[in-house]
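Chemist: What would the 3D arrangement of this be:
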Amino acid sequence: MTNPQIERVLESADNLMANNPVIFQYEKLSELEKKSGFNKVYFIGAFAVVILSAVFLVGGAKLVTDLISFLYPAYASLKALDTDGEAVRDPQWTTYWIVFTFISIIEPVLSWIVPFYYVIKVAFFGWMCHPKFQGASFIHTHAIDPLVMRHLKSSAKEEVIAKKAE
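Modeler: Residues are numbered from 1 along each chain as shown. Below you'll find the predicted structure:
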């Protein structure tokens, strides 16, 4: 007896692997599934755990959290730039990268002061980039816009006035 949610996840992961047979070596995994009796998704999961463990052993928690905080947002930012030549203002990813850079700068201090810093960092960056929460947009609306943008807006106005005066 298995959980129906787990079955759905396994089925969608299997469909993903079937749609990309070269990347996942789908035929070989199907043979392994028949021989062992375990679902092929479990083998991919075990492989991912081994790779993440190796990355952790080589680079530590900082490398793992940096990869987690960088890979999907970089992909989503590139995807957001692909707008068929239209200028689109997307504060979600702009703010994400501003906060990512700021945290990266102060990280040596934070990692010494804050207990469980790397766990908190992954949770924070996950909240910032998750489409449901859009934490970066929240930070832009409630912190950057009221505290920083008013100063930038006034200096931008001065630049426009100065250019018109010339």
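Chemist: If you count contacts, what does the helix or strand that contains residue 105 end up packed against?
Modeler: Element membership of residue 105, judged by DSSP states H and E, is helix 91-113. Contacts defined by 3 or more CB pairs under 8 Å, 6 or more residues apart in numbering; DSSP states H and E place helix 91-113 against helix 40-81, helix 117-129, helix 135-139. For every residue, glycine as well, the C-beta is placed using N, CA and C.
Chemist: Buried by neighbour count: which residues of that helix qualify?
Modeler: Buried positions in helix 91-113, judged by neighbour count with 16 or more other CB atoms under 10 Å: 91-96, 98-100, 107.
Chemist: With just CA atoms, put that helix into CSV.
Modeler: C-alpha atoms of helix 91-113 as CSV (Å, rounded to 0.1, in the frame of the first residue of the first chain):
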residue,chain,number,x,y,z
PRO,A,91,11.5,43.3,-9.7
GLN,A,92,11.4,39.6,-8.6
TRP,A,93,14.7,38.6,-10.1
THR,A,94,16.4,41.9,-10.0
THR,A,95,15.7,42.1,-6.2
TYR,A,96,16.8,38.5,-5.8
TRP,A,97,20.2,39.2,-7.2
ILE,A,98,20.6,42.3,-5.2
VAL,A,99,19.8,40.5,-2.0
PHE,A,100,21.9,37.5,-3.1
THR,A,101,24.9,39.8,-3.6
PHE,A,102,24.4,41.6,-0.3
ILE,A,103,24.1,38.3,1.6
SER,A,104,27.2,37.0,-0.2
ILE,A,105,29.2,40.1,1.0
ILE,A,106,28.2,39.8,4.6
GLU,A,107,28.2,36.0,4.7
PRO,A,108,31.5,35.6,6.4
VAL,A,109,30.2,37.5,9.4
LEU,A,110,26.7,35.9,9.4
SER,A,111,28.1,32.4,9.2
TRP,A,112,29.9,33.0,12.5
ILE,A,113,27.1,34.8,14.3
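Chemist: Show me the contact partners of it.
Modeler: Identification of contacts with helix 91-113 by CB atoms under 8 Å, 6 or more residues apart in numbering yields 62, 69-70, 73, 76-77, 80, 117-118, 121, 124-125, 128-129, 134, 136-137, 139-141, 144.
Chemist: Quick check on those: which are buried?
Modeler: 69, 73, 76-77, 117-118, 121, 125, 128-129, 134, 136-137, 139-140, 144.
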